[in-house]
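Q: Coordinates for the following, if possible.
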Amino acid sequence: MVAFADLSLSFLFGLSGLTEPDASSGSLDTRNVLRSTVCEQIAANVSSSSVVYYNGSSQYTKDNYHWSSSSSQTSKCSFEPATTEDIGIALRILGETQTQFGIKSGGHATNAGFSSTSGVEIAMYSFSDIVYDSSTQTATLGTGAIWDDVYVALEEYNMTVVGPKITGIGIGGIVLGGGYSYLTNQYGLGIDNVVAYELVMPNGTVVNITDSTNPDLFFALRGGFNNFGIVTTVTVNTHPQSHVWGGLITYAEDQWDAASAAIANYSANVTDPKASIYNAYNYVSGVAVMANMLFYDAPTRPEGIFDEFLSIDAIYEDISTRTYVDLIQSFPLNGTSGLRSVFSSMAMENVTVPVLNMIVNETLTRGPELADNASAVFVTYSVDVFLPTLYDHVDSPTAYPPSRSQGYSYIEIYCGWEDASYDDTVFDTVDASSEYMTEVLTDYGQDIADVAVYPNHAPPGTSLEKMYGSNVPRLQAIKNDVDPDNVMALTGGWKF
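A: Reported below is the predicted structural model:
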């Protein structure tokens, strides 16, 4: 489940001590280099293949870069480990010195401090290998890679994986947080397809975690993020992938009623797991525009399944038979990069016209409100439609979602703005909109008030109970068992 924020541009086109300089860090202004003694300690103890970078080097800048400016910080140094042993050494030093640290996979987290830090930023770029095993039809992925590269690497084998819908997303957030995909109706979440994790535990021990070797940690890692150590590689199931049919179609505001009716009819009538739609009502730089992604996992679509969408007058259409890689890559990379960002989401049991009318009203009310009061550039209300069987594709329980008895479709809110002084205004408005829509859905008879919030799209301050429900005590017990010294509390994210 990924917000349409990065696609919005294409919608509009359719419409602590001073020491000597660091010689290994490339060109930099040595007068501005401040070295932390912890950074120096890590550099002195790890192997020569792992590198510490300081402010002023291009690699330091890359290591600290995040898609959302609201989640970016200036670290004392960045550390690019090249071996699991060096990660273990760094974790021991960070724990002994009680130094804050961040762990960056792709850098797409939006909440402040979740994968960034003012301490030591650990960037996983050296763990970027992608290895396909045809005998098991699995792929082992380094958590420093991005999913774009995985899709490309597997294309030559006519295979793919359950990953994100847009470009630029890192491996870590999907395989540790959830992962909703165009393929989710067929194969479940990204975490449902994990076979094994290589984990550097907080004490530096390197272990391979599977459902058979350590069922507790395997449960906890699938949705529990970085609470249990640093994951370096993950092995996932792959799936046969032919050409697909689909692409983007956008509508002006005067066609939103017709498009909403098409969405509601699709949700009520289409049960083919190869079909997927993703829809966004957008208010972008003062313009209201709607975008729909249509997807069918075959070179041709069954007759009738998307006819209603295709019959509506569109302002832009890019739909064809294409490779899965081309579908993912056909949108601009990180179109909202550099903005401050927040997400929020809520479940729906049924996607009906009255529900969609509520979403339209929120878009056309909150969009101008946020533009006027917080200089918001992008406001998006997305509708992600899934089959009720989407959670039926896994044999053992996972940290998220805490219940798999019923599947849901989702409303996602995204807001992008520039000025940090408006943070509270945006957060308050997004919270108010989320609460209002939850109340309306409840009034419509939808039993969704207590459905778990997707952790990757949970706004700051969301309680553990709202995301993990009855799983919280078990997750806390596992965390205390594997990390008695609470080393992983020194890094950001949802903390058990």
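Q: Can you show me the strands along the stretch 51-200 of the chain?
A: Per DSSP state E, counting those that start in this stretch, the stretch 51-200 of the chain carries strands over the ranges 51-53, 77-80, 101-104, 120-123, 130-133, 138-142, 159-160, 194-200.
Q: how about a markdown table for the ones you listed, with mean neighbour count and distance to residue 399 added?
A: Where you see a C-beta, it was placed from the backbone N, CA and C, and this is true even at glycine. Listed next are the strands of the stretch 51-200 of the chain as a markdown table, based on neighbours: other Cβ atoms under 10 Å; distance: least, Cβ to Cβ, whole Å:
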| stretch | mean neighbour count | distance to residue 399 |
| --- | --- | --- |
| strand 51-53 | 25 | 32 |
| strand 77-80 | 25 | 27 |
| strand 101-104 | 28 | 17 |
| strand 120-123 | 26 | 22 |
| strand 130-133 | 15 | 25 |
| strand 138-142 | 22 | 20 |
| strand 159-160 | 23 | 25 |
| strand 194-200 | 22 | 12 |
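Q: Make TSV from these and add distance to residue 150 to it.
A: Listed next are the strands of the stretch 51-200 of the chain as TSV, based on distance: least, Cβ to Cβ, whole Å:
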stretch	distance to residue 150
strand 51-53	25
strand 77-80	20
strand 101-104	18
strand 120-123	18
strand 130-133	6
strand 138-142	6
strand 159-160	8
strand 194-200	13
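Q: Residue 266: which of these is closest?
A: strand 159-160 (23.5 Å; Cβ to Cβ).
Q: Which strands border that closest one, and is each parallel or antiparallel?
A: Paired neighbours of strand 159-160 in the sheet (DSSP bridges): strand 239-240 (antiparallel).
Q: Tell me the helix or strand right after the partner strand.
A: The first helix or strand that comes after strand 239-240 along the chain, using DSSP states H and E, is strand 244-252.
Q: who does that following strand pair up with?
A: Strand pairing for strand 244-252, using DSSP bridges, gives strand 287-296 (antiparallel), strand 316-322 (antiparallel).
Q: and the next helix or strand after the longest one, how far from the chain's centre?
A: If I follow you right, that is strand 287-296. The first helix or strand that comes after strand 287-296 along the chain, using DSSP H and E, is helix 307-310. Here the centre of helix 307-310 is set off from its chain's centre by 30 Å, with Cα atoms, centre = their mean, to the nearest Å.
Q: circling back to that earlier point, need the winner for burial among the strands paired with strand 244-252.
A: strand 287-296 (a mean of 22; mean count of other Cβ atoms under 10 Å).
Q: and that one, what's its mean pLDDT?
A: The average pLDDT for strand 287-296 rounds to 96.
Q: One more: stretch 337-356?
A: For stretch 337-356, mean pLDDT rounds to 96.
Q: List the buried residues for that stretch?
A: 337, 339-352, 355-356 (16 or more other Cβ atoms under 10 Å).
Q: show me the contacts for the closest residue to residue 265 other than its chain neighbours.
A: Nearest residue to residue 265 in three dimensions, chain neighbours excluded: residue 308, at 6.0 Å (Cβ to Cβ, 6 or more residues apart in numbering). Residue 308 makes contact with 261-262, 265-266 under the criterion Cβ atoms under 8 Å, 6 or more residues apart in numbering.
Q: Any of those residues buried? List them.
A: Among those, those classed as buried by neighbour count (16+ other Cβ under 10 Å) are 262, 266.
Q: Tell me the one of the contacts of residue 308 nearest residue 159?
A: Nearest to residue 159 among those: residue 266, at 28.1 Å, using Cβ to Cβ.
Q: returning to that earlier point: distance to residue 447 and mean pLDDT added to the strands of the stretch 51-200 of the chain, as TSV?
A: Conversion of those to TSV gives the following (distance: least, Cβ to Cβ, whole Å; pLDDT from 0 to 100):
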stretch	distance to residue 447	mean pLDDT
strand 51-53	51	97
strand 77-80	46	98
strand 101-104	37	98
strand 120-123	42	98
strand 130-133	42	98
strand 138-142	37	98
strand 159-160	35	98
strand 194-200	30	98
